[in-house]
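In: my questions are about this predicted structure, shown below with the sequence.
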Amino acid sequence: MSQSLDRALTLLSALADGPRTLDQLAAAADVHKTTVLRLMRTLETHRFVQRDDLRHYRLGTALFDLANRSLDSRDVRRSAEPALRELNELTGHTVHLASYEGGEVVYIDKYESRHQVRMYSRIGKRAALHCTAVAKVLVSAFDEPRRREIAESIEYVRLTENTITTAEAYLAELAAVAERGYALDNSEHEDFIHCVAAPVRGQRGEVLAAVSVSVPKILLDYAGLLALVPDLLRTAEKASLACGWSDVTDR
């Protein structure tokens with residue numbers, strides 16, 4: 001990677017956290033302010049950054065346009081939208097769509113809860129592999145050697161009392177998910193949120209993505225979460241059909 005490109009990407013990453021001054025950007029990229037100013041002028045010309053005021057820069061509209069165009073080009077996101085929107089309207093709870101990309105699980109779509117109590121998440125955010133329902137669904141779709149490879153690469157950070165903390169426990173959970181056809185996050189990632197997820201399949205039966213419903217425990221207890229499973233599975237089935245899967249009844 002060229003030095004200028006590397007520095008420009010570092011500056012964009014710094015601006016993702018909010019507006020920054022030239023001094024702050026120079027410190028982030030570890031270069032002189034004149035170098036930052038030259039790079040920022042180029043980025044500003046292409047609308048990747050813009051002036052927030054006389055002293056601050058922020059991310060520009062071109063970056064968001066690229067992100068939206070990239071997301072819209074994903075067939076699974078576009079095809080699954082009607083089914084996911086219907087699930088969101090039916091339950092009133094937060095609905096996510098996530099995919100496995102380059103060793104990470106990333107949220108690629110979200111439908112907000114209609115309740116006042118909401119969860120913090122966003123499109124583009126990574127989901128922890130060992131303690132989120134969407135990640136369990138996506139990793140469980142791999143064959144056993146690939147599952148084990150992933151399981152042994154994870155740093156099992158304990159986030160709640162229910163978080164899985166060993167590779168063997170994780171592998172056992174993945175086997176259970178593959179067997180029953182859906183995954184649970186029993187307050188494993190956040191102690192006040194629980195979640196259930198199911199796979200969205202493509203034409204060959206491959207798992208393209210995972211759809212989930214996330215609910216604050218204050219709104220719905222564990223039994224109530226499990227009661228959402230039939231609606232979730234119907235949604236996953238509709239989304240799979242929309243993505244070209246024609247063998248739903250033969251699972």
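Out: Perfect, thanks for sending it. Numbers count the residues shown, from 1 in each chain.

In: so what touches whichever strand or helix holds Val36?
Out: According to DSSP states H and E, Val36 maps onto helix 33-45. Here helix 33-45 makes contact (Cβ atoms under 8 Å, 6 or more residues apart in numbering) with 4, 7-8, 11-12, 22-23, 25-26, 29, 49-51, 57, 60. In this view, the C-beta of every residue, glycine as well, is placed from N, C-alpha and C.

In: which of these count as buried?
Out: 7-8, 11-12, 22, 25-26, 29, 49-50, 57, 60 (16 or more other Cβ atoms under 10 Å).

In: quick check: Arg7 is in a helix.
Out: Yes: according to DSSP: H, G, I helix; E, B strand; the rest coil, Arg7 belongs to a helix.

In: correct me, but it touches Ala29?
Out: Yes: judged on Cβ atoms under 8 Å, Arg7 makes contact with Ala29 at a distance of 5.0 Å.

In: residues contacting Ala83?
Out: Counted by Cβ under 8 Å, 6+ apart, Ala83 has contacts 211, 235-236, 238-239, 242.

In: for the residues you listed, which one is nearest Tyr111?
Out: Closest approach between the contacts of Ala83 and Tyr111, by Cβ to Cβ: Val211, at 10.0 Å.

In: so that closest one, which state does it fall into?
Out: Here Val211 is strand, with the state taken from three-state DSSP.

In: what's the neighbour count on it?
Out: Applying other Cβ atoms under 10 Å, we find 30 residues neighbouring Val211.

In: count of residues packed around Leu15?
Out: 25.

In: ok, and the closest non-adjacent residue to it?
Out: Leu59 (4.9 Å; Cβ to Cβ, 6 or more residues apart in numbering).

In: lowest confidence element among the helices and strands of this structure?
Out: Ranked by mean pLDDT, DSSP states H and E, the weakest helix or strand in the chain is helix 61-72, scoring a mean of 64.

In: which is the succeeding secondary structure element to that helix?
Out: Using DSSP H and E, the next helix or strand after helix 61-72 towards the C-terminus is helix 75-91.

In: ok, and the most crowded of the contacts of Ala83?
Out: Val211 (30 neighbours).

In: Leu11 is in contact with Val31, isn't it?
Out: No: counting by Cβ under 8 Å, Leu11 does not reach Val31; the two are 9.4 Å apart.

In: which neighbours do those two share?
Out: By Cβ under 8 Å, 6+ apart, no residue touches both Leu11 and Val31.

In: number of nearby residues for Glu104?
Out: 13.

In: equivalent analysis for Ser79, please.
Out: With other Cβ under 10 Å as criterion, Ser79 counts 19.

In: ok, what's across the strand from the closest residue to Arg55 other than its chain neighbours?
Out: Among residues not flanking Arg55 along the chain, Thr21 sits closest, at 5.1 Å (Cβ to Cβ, 6+ apart). Under DSSP bridges, the beta-bridge partners of Thr21 are His56.
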